[in-house]
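[1] This is a predicted model, with the sequence first.
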Amino acid sequence: MAGCVLWSACQQTTDDTEAADEAPDVAVVTVSEETIETRREWTGIVQSLRTHVVTAREGGEVAEVVVRDGDTVAADDLLVRVRQPELEARVMILRERRMLLEAELSGWEELAQADAAGPAEVEQARLRLMEVEESLGEAEARLEGGALRAPVSGLVTRVIAATGAQVSAGVPLMEIRRDDALGMRLIVPARERPYLDRSDRLRLMDSREHSWSIARVVSVEEAEVPNGFVSVEVWVEDDLGDWPIEGELLYSEERAALVAPWTAVARDDDRNWVALVSGDPPVIERREVRLGAGLSHGVEVVDGLEAGDRIMRFEPRSQPEGRRVAAHGEAR
């Protein structure tokens, strides 16, 4: 009886040892290098980023408004005329006075040539004429200032002035969107801001499939930007016309990277790891990895693996470190 008991115990121990030594089947994937694309898109309006406000130089009455909302103007084009009746009357008086003083000076010069007048009388007449000419020049310049011309080329977006209205100096008359300040204003997530510093990776396409050359991207302060977002301006170098127009800013970058399946990565606190299958016979090694961009079919492995490494495809926690396994699988 005792012999039978001892034989049974030995047989059970042998069976347990064989079970413990049996290598479980695990699915593996061979990590290889592949080309991945990072792509971002932002939509906005290509338009002028700066507006010039045209103001009245002198007070007076709006006599004529030459342009309307939506008109395109070039620098020095006439925009509006502001009449100044009192100044116009002063100019007329000064012109008449100049004519009289010119005649008076001519008379004194004739008398001086006939030795009937001295140099002092001629000089005083000349000074009186010069004073009037100076006053007339100032008045005519102010009068000319009533004809307001475009200081910049661009698009008239708002006409405020109305014919017959009384205005004072400094009052806004219209707004012009400058065509030398074209671009797109965007509010983007702060984590995406670094992409916009790579101008060589950016393209700006409008709804006509025209490509705009990007000059620079600058951050700007703007009120009421949500937390976690930033405001930027994308300036363009050229003017393709027909703006404002909808546009799309594209970021695209291709690079070689190692990619692991999502199911092959485990996480403990802030540590990511995979079950590396290596050796002959193959055994499990838990290898810490640093991850990069997430993709639809996996995740970029920045550090911790090399091309050709084999890792468990599924459930890396199911096998302890050091376990001998039977690996089955294919390259990606």
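    Okay, I see it.

[2] Which helix runs longest in the chain?
    helix 85-113 (DSSP state H).

[3] Buried residues, that one. List them.
    Under the neighbour-count criterion of 16 or more other Cβ atoms under 10 Å, helix 85-113 has 87, 90-91, 94, 97, 101, 105, 108, 112 buried. For glycine as for every other residue, the C-beta is placed from the backbone atoms N, C-alpha and C.

[4] Quickly name whichever of those is closest to residue 41.
    Set against residue 41, the nearest of these by Cβ to Cβ is residue 87 (57.0 Å).

[5] Tell me the helices and strands packed up against the longest helix of the chain.
    Using 3 or more Cβ pairs under 8 Å, 6 or more residues apart in numbering; DSSP states H and E, the elements in contact with helix 85-113 are strand 60-65, helix 119-144.

[6] winner for burial among these?
    The highest average neighbour count among these, using mean count of other Cβ atoms under 10 Å, belongs to strand 60-65 at a mean of 17.

[7] Tell me the strands beside it, with direction?
    The strands beside strand 60-65 in its sheet (DSSP bridges) come out as strand 78-83 (antiparallel), strand 166-167 (antiparallel).

[8] Could I get the buried residue list for the first one?
    Buried residues in strand 78-83, defined by neighbour count with 16+ other Cβ under 10 Å: 79-82.

[9] So for residue 94, what's the nearest residue that isn't a sequence neighbour?
    Of all residues not flanking residue 94 in the chain, residue 136 sits nearest, at 4.1 Å (Cβ to Cβ, 6 or more residues apart in numbering).

[10] any idea how far residue 121 is from that neighbour?
    23 Å (Cβ to Cβ, to the nearest Å).

[11] Over to residue 106?
    Residue 106 is 13 Å from residue 121, by Cβ to Cβ.

[12] do residue 203 as well
    Going from residue 203 to residue 121 by Cβ to Cβ gives 79 Å.

[13] Okay, buried residues for stretch 274-285 please.
    Counting neighbours by 16+ other Cβ under 10 Å, stretch 274-285 gives 274-277, 282-285 as buried.

[14] Serialize those residues to TSV and add fields for secondary structure and pLDDT.
    Compiled in TSV, these are given as follows (DSSP: H, G, I helix; E, B strand; the rest coil; pLDDT from 0 to 100):
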residue	secondary structure	pLDDT
274	strand	97
275	strand	97
276	strand	97
277	strand	97
282	coil	95
283	strand	96
284	strand	97
285	strand	97
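
[15] and which of those is nearest residue 142?
    Nearest to residue 142 among those, with distances taken as Cβ to Cβ, is residue 274, at 81.1 Å.

[16] which residue sits closest to that closest one, ignoring its sequence neighbours?
    That would be residue 311: by Cβ to Cβ, 6+ apart, it lies 4.5 Å from residue 274.

[17] Next, count neighbours for the one you found.
    Applying other Cβ atoms under 10 Å, we find 28 residues neighbouring residue 311.

[18] Please tell me I have it right and it contacts residue 282.
    No: look at residue 311 against residue 282 with Cβ atoms under 8 Å: they stay out of range, at 11.3 Å.

[19] Just the C-alphas of the helix or strand harbouring residue 38, formatted as PDB.
    Residue 38 belongs to strand 33-48 when assigned by DSSP states H and E. The C-alpha atoms that make up strand 33-48 are tabulated as PDB, following Å, rounded to 0.1, in the frame of the first residue of the first chain:
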ATOM      1  CA  GLU A  33      10.800  50.300 -40.200                       C
ATOM      2  CA  GLU A  34       8.000  52.000 -42.200                       C
ATOM      3  CA  THR A  35       7.300  55.400 -43.600                       C
ATOM      4  CA  ILE A  36       4.600  57.300 -41.700                       C
ATOM      5  CA  GLU A  37       3.100  60.600 -42.500                       C
ATOM      6  CA  THR A  38       2.200  63.300 -40.000                       C
ATOM      7  CA  ARG A  39      -0.600  65.500 -41.400                       C
ATOM      8  CA  ARG A  40      -2.500  68.500 -39.900                       C
ATOM      9  CA  GLU A  41      -5.100  70.700 -41.500                       C
ATOM     10  CA  TRP A  42      -6.500  74.100 -40.500                       C
ATOM     11  CA  THR A  43      -9.300  76.000 -42.300                       C
ATOM     12  CA  GLY A  44      -9.700  79.800 -42.400                       C
ATOM     13  CA  ILE A  45     -10.100  82.800 -44.700                       C
ATOM     14  CA  VAL A  46      -7.300  84.300 -46.800                       C
ATOM     15  CA  GLN A  47      -7.800  88.000 -46.400                       C
ATOM     16  CA  SER A  48      -6.100  91.200 -45.400                       C
END
